[in-house]
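S.K.: Next input, structure requested:
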Amino acid sequence: MVNKLKENICKPFEIKYTNNSSIIFSKDIEDFENLKKALRVGKVQFHTYSRRKDRAHAFVLRGLAEGLQIIDIKEELKKTYKIHIKDIFRMTTKGRPLYLVVTDSKVTLDFLNKNVKVVEHTRIQWEHRRETKPIIQCHICQQWGHATSNCGKTPRCLKCAGQHLTPECPKERSKPARCANCRGGLRKKEMYTLNRTQNKQDFPSLPKKQNSQPIPQTTSLQPTSQNKITSQTADTDVDKFNELNSMFKELHSLVKLDELTRAVADLLQEMRKATNKLEKFTIYNNFVAGIDNYDIYAGHYPNKLKIANIVPIIKANKQPYYVDSYRPISLLNNIAKVIDKVIHKRL
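M.R.: Alright, predicted model coming up:
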């Protein structure tokens, strides 16, 4: 390999061997171009990367009206503003049209915002292109990490994994797709989803979840024109209502809730009348002492009050990536705290 590279590269070069490939570093631009030509002629599987000077910049042109031709926009940007335009594409949008303008590396967003403000007698706005994919994928070999313009490998079809370009694929839509990287087919679940999206009428709608618990008469779950409720939301509301109802019944067997809620209401009124912290503390202390007079005659503790909401709080000067960096804080029920105080005093 080194001897063949010496025939095409005049100046010193370096090679780095990895598990699946070999990386060649050339220190001259002419050698870099000659090496690419030699690899293409020899039909060697390779990919490369663009130089910083050759990389293109992409900007989003916003604000133009419907009906304009891309050729007219391109000619005005070239003649009026002396910008080297490589290509212009119209983006798929629902509202006003957006255009993706590809320029050379010399054009920046600051230059466009300061100098190019009017196109086709219309005030426009420029934005950076938002990259939706963190890693680029080649549309020739379907591999990751390099662009299509720098690929010299055998093409792979995105639909059937054959050795041809994706637009030239003769596969029918009814046949299952095949991954070009793993050479595997779709699973049954994925095929079901694919066929369901292609023809939704062939598949019956899934049955709705039926709630086994009766719906209370005081709660209305019928959808109206202003407030529509799905079946899943309705079932959740009924479950919460039944859970809350059972909790109050269990509490009623343990504590006289009427007297307790009346005492809490009186406590709030007295706390609002207090003028300083000492008075508030005295009122609260008397309230806790008075809870002992309530009748707790059951011999068990409600299961619902044993559940705590645990919130992790990160410790000071700790990395958030490790479990040991967090301190668990248990948030208990307020009613459970009151009952614990009463039981503790009676014990």
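S.K.: wait, V101 sits on R62?
M.R.: No: proximity of V101 to R62 does not meet the contact threshold set by C-beta atoms under 8 Å, at 10.7 Å. Bear in mind the C-beta positions are built from the backbone N, C-alpha and C, glycine included.
S.K.: Give me the more crowded residue out of those two.
M.R.: More crowded of V101 and R62, by other C-beta atoms under 10 Å: V101, with 25 against 16.
S.K.: what's the strand or helix carrying that one in contact with?
M.R.: V101 is part of strand 98-103 when elements are defined by DSSP states H and E. Residues from elsewhere that reach strand 98-103 (C-beta atoms under 8 Å, 6 or more residues apart in numbering): 56-62, 64, 70, 73, 77, 83-91, 129.
S.K.: if I look at the closest residue to T108 other than its chain neighbours, how far off is S149?
M.R.: Spatially, and ignoring its direct neighbours in sequence, T108 is nearest to H57 (7.4 Å; C-beta to C-beta, 6 or more residues apart in numbering). Separation of H57 from S149 (C-beta to C-beta, to the nearest Å) stands at 15 Å.
S.K.: ok, these two, which is more surrounded?
M.R.: Higher neighbour count among H57 and S149: H57, with 17 against 11, using other C-beta under 10 Å.
S.K.: Need phi/psi at the more buried one.
M.R.: Torsion angles at H57 (phi, psi; degrees, to the nearest 10) stand at phi -110, psi 140.
S.K.: isn't it right up against S105?
M.R.: Yes: using C-beta under 8 Å, H57 is in contact with S105, at 6.0 Å.
S.K.: quick one on the thing from earlier: pLDDT on the strand holding V101, on average?
M.R.: Averaging pLDDT along strand 98-103 yields 93.
S.K.: Kindly report the same for stretch 37-54.
M.R.: pLDDT averaged over stretch 37-54 gives 85.
S.K.: mind listing the strands for this protein?
M.R.: 13-17, 22-26, 57-62, 85-91, 98-103, 118-119, 122-123, 125-128, 309-314, 326-331 (DSSP state E).
S.K.: Let's have those in CSV, adding distance to N303.
M.R.: Converted to CSV, the strands of the chain look like this (distance: least, C-beta to C-beta, whole Å):
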stretch, distance to N303
strand 13-17, 64
strand 22-26, 64
strand 57-62, 58
strand 85-91, 57
strand 98-103, 58
strand 118-119, 70
strand 122-123, 67
strand 125-128, 56
strand 309-314, 15
strand 326-331, 16
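S.K.: So which bits of the strand holding V101 are buried?
M.R.: For strand 98-103, burial by neighbour count (16 or more other C-beta atoms under 10 Å) applies to L98, Y99, V101, T103.
S.K.: Can you dump the C-alpha atoms of that strand in PDB for me?
M.R.: Extracted in PDB, the C-alpha atoms of strand 98-103 (Å, rounded to 0.1, in the frame of the first residue of the first chain):
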ATOM      1  CA  LEU A  98     -38.600  29.400   2.700                       C
ATOM      2  CA  TYR A  99     -35.500  29.000   0.600                       C
ATOM      3  CA  LEU A 100     -32.300  27.300   1.500                       C
ATOM      4  CA  VAL A 101     -29.400  29.300   0.000                       C
ATOM      5  CA  VAL A 102     -26.000  27.500  -0.300                       C
ATOM      6  CA  THR A 103     -23.000  29.800  -0.700                       C
END
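S.K.: Identify, from the buried residues of strand 98-103, the entry nearest to D340.
M.R.: L98 (62.0 Å; C-beta to C-beta).
S.K.: The closest one and A56: what is the separation?
M.R.: Taken as C-beta to C-beta, the span from L98 to A56 is 18 Å.
S.K.: how about stretch 77-90: buried residues?
M.R.: L77, Y81, I83, I85, I88.
S.K.: Against H57, how distant is the residue lying closest to D87 once chain neighbours are set aside?
M.R.: Nearest non-adjacent residue to D87, counting by C-beta to C-beta, 6+ apart: V102, 4.7 Å away. To H57, V102 is 7 Å away according to C-beta to C-beta.
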